[in-house]
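Student: give me coordinates for this.
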Amino acid sequence: MRRADETPSTDSVVERITAEVGAWVCSAPLRGLVARFGGTWPDGDLTELLRFLDDFSAAHWDFRGGRERPDAREPDLDPGTVELVHAAATALGLVRPVPPARPAYAHLVVLGGLAHACLRRVAYAAHLLDGGLGVTGEVAVLGSFRPLSDREHRMLAEAGVHGCVTEVDALDAAVRLAFGVSAPAVEDGVDADHPHHSWSSRTYLPAGLPPVRVLAAPSSEPHRRRAHTADTQRFWAGHVRLAPDDAVLLVTAPIYVPFQHCDALRTLAVPYGCGIDTVGVDPGLVDLDRLPEPTLSPGRYLQEIRSAIRSMRALHHELTLG
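Tutor: Residues are numbered from 1 along each chain as shown. This next block holds a predicted model:
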């Protein structure tokens, strides 16, 4: 499930997206995982199935417990279960990267993450542009004011990057490195004396390339949490004024493609009618060797299968409301 090329307000597109969600959650690999962890596949419609999978994955595959991803515990799984998890993750689209489906897009959006991911994803975006990918609008690099951990600081120092305090600082440093720019042409933002309420925007103008905007969004629930992926996407869409005919390419890591693609369908395609493709960074690229991806464990894959389930449930809810 990768694309939304038609206007999602039409009945046919709602039906297509619903069918794709149903195919993913009813697939044999996911059924096999549920059975492996002691679950009994329920009767009922897609709404009931998504509710069951959300509850089941919360009980069996939520290793974060409200913590950030690096702080999640790793489950003790037997070799047969580990093999099944890897096979299911591959079949469900969390492992292998795929290239962009189009030669050109209106906008290229890079989603933030942990510090090493910020560097890798921005570098991959620059690689795509160097390889001839067309972008008629802007490159948007989206993050938040999440403080970096000690582990992230060490990783950035190993990559020669210093002085970063937050995720958006790491994204900004990644843009300067990957695009060879030193100072933004335009800056804007609001410092609300609290990171959940504040926002910032820096736009760079690299020679011969589209503008590159580094955006930190405020939280839509500032009393509860920091800004998450959906917040950053909505905030950017309001700034760039997406049009129904726009095609948007999102760059993330392969493990996050299913859940972040569904978030983008819900927050961008449904309200704005734009097309969405979502791709993961290709780890085999030679120019990313200096930015190695941490080893992805079975627990990480199960956690992000849960993230995809939750994102699909939210997307299905949005579609049924429409």
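
Student: just for this protein, where's the confidence low?
Tutor: The chain contains residues with pLDDT under 70 at 1-12, 67-68, 70, 72, 286-292, 294, 322.

Student: other SSEs contacting the helix or strand hosting L142?
Tutor: Using DSSP states H and E, L142 falls within strand 139-143. Under the contact criterion of 3 or more C-beta pairs under 8 Å, 6 or more residues apart in numbering; DSSP states H and E, strand 139-143 touches strand 107-111, helix 115-130, helix 167-179, strand 212-216, helix 229-240. For every residue, glycine as well, the C-beta is placed using N, CA and C.

Student: need the contact partners of the helix or strand following the longest one.
Tutor: Right, helix 115-130. Counting by DSSP H and E, the element after helix 115-130 in chain order, helix or strand, is strand 134-135. Outside strand 134-135, the residues within contact range by C-beta atoms under 8 Å, 6 or more residues apart in numbering are 103-108, 129, 210.

Student: which among these end up buried?
Tutor: The neighbour-count criterion (16 or more other C-beta atoms under 10 Å) marks 105-108, 129, 210 among the contacts of strand 134-135 as buried.

Student: what's the single longest helix in this protein?
Tutor: helix 298-321 (DSSP state H).

Student: what's the distance between it and the middle of its chain?
Tutor: Distance of helix 298-321 from its chain centroid, counting by C-alpha atoms, centre = their mean, to the nearest Å, is 12 Å.

Student: by how many degrees do it and helix 229-240 diverge?
Tutor: 50 degrees (axes from the mean of the first three to the mean of the last three C-alpha atoms, to 10 degrees).

Student: for helix 298-321, name the packing helices and strands.
Tutor: Using 3+ C-beta pairs under 8 Å, 6+ apart: helix 298-321 touches helix 11-25, helix 28-36, helix 46-60, helix 79-91, helix 257-264, helix 270-272.

Student: helix or strand: which one has the nearest residue to H162 once chain neighbours are set aside?
Tutor: Nearest residue to H162 in three dimensions, chain neighbours excluded: L156, at 7.0 Å (C-beta to C-beta, 6 or more residues apart in numbering). Following DSSP H and E, one finds L156 within helix 150-158.

Student: please apply the same query to P97.
Tutor: Going by DSSP H and E, P97 is not in any helix or strand.

Student: could you count how many residues lie near it?
Tutor: Using other C-beta atoms under 10 Å, the number of residues around P97 comes to 15.

Student: repeat that for P29.
Tutor: Other residues close to P29 by other C-beta under 10 Å number 17.

Student: let me see the contact set for it.
Tutor: Contacts of P29 (C-beta under 8 Å, 6+ apart): 87-88, 91-92.

Student: same list, the residues you listed, but as TSV with neighbour count please.
Tutor: Conversion of the contacts of P29 to TSV gives the following (neighbours: other C-beta atoms under 10 Å):
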residue	neighbour count
A87	14
A88	23
A91	15
L92	21
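
Student: with those residues in mind, which one is nearest to P244?
Tutor: L92 (29.9 Å; C-beta to C-beta).

Student: ok, the residue lying closest to P75 once chain neighbours are set aside - contacts?
Tutor: In space, and not counting its chain neighbours, P75 is closest to G299: 5.0 Å by C-beta to C-beta, 6+ apart. Shown in contact with G299 (C-beta under 8 Å, 6+ apart): 63, 72-75, 77.

Student: tell me which of those fall in strands.
Tutor: Among the contacts of G299, the subset assigned to strands under DSSP state E is empty.

Student: and which of the buried ones among the contacts of strand 134-135 is nearest to D263?
Tutor: Using C-beta to C-beta, these come closest to D263 at H107, 16.0 Å.

Student: excluding its backbone neighbours, what's nearest that closest one?
Tutor: In space, H107 is closest to G137, 4.4 Å off (C-beta to C-beta, 6+ apart).

Student: so that neighbour touches R213, yeah?
Tutor: No: assessed by C-beta atoms under 8 Å, G137 is found out of contact with R213, at 9.9 Å.

Student: name the residue in those two with the higher neighbour count.
Tutor: A side-by-side neighbour count of G137 and R213, using other C-beta under 10 Å, places R213 first with 24 against 19.

Student: now the residue nearest to P211 when sequence neighbours are not counted: phi and psi?
Tutor: The spatially closest residue to P211, leaving aside those adjacent along the chain, is E138, at 4.6 Å (C-beta to C-beta, 6+ apart). Torsion angles at E138 (phi, psi; degrees, to the nearest 10) stand at phi -140, psi 160.

Student: hmm, E138 is touching L215, no?
Tutor: No: between E138 and L215 there is no contact under C-beta under 8 Å: 10.1 Å.

Student: look at those two and report which has more neighbours.
Tutor: Per other C-beta under 10 Å, whichever of E138 and L215 has more neighbours is L215, with 25 against 18.
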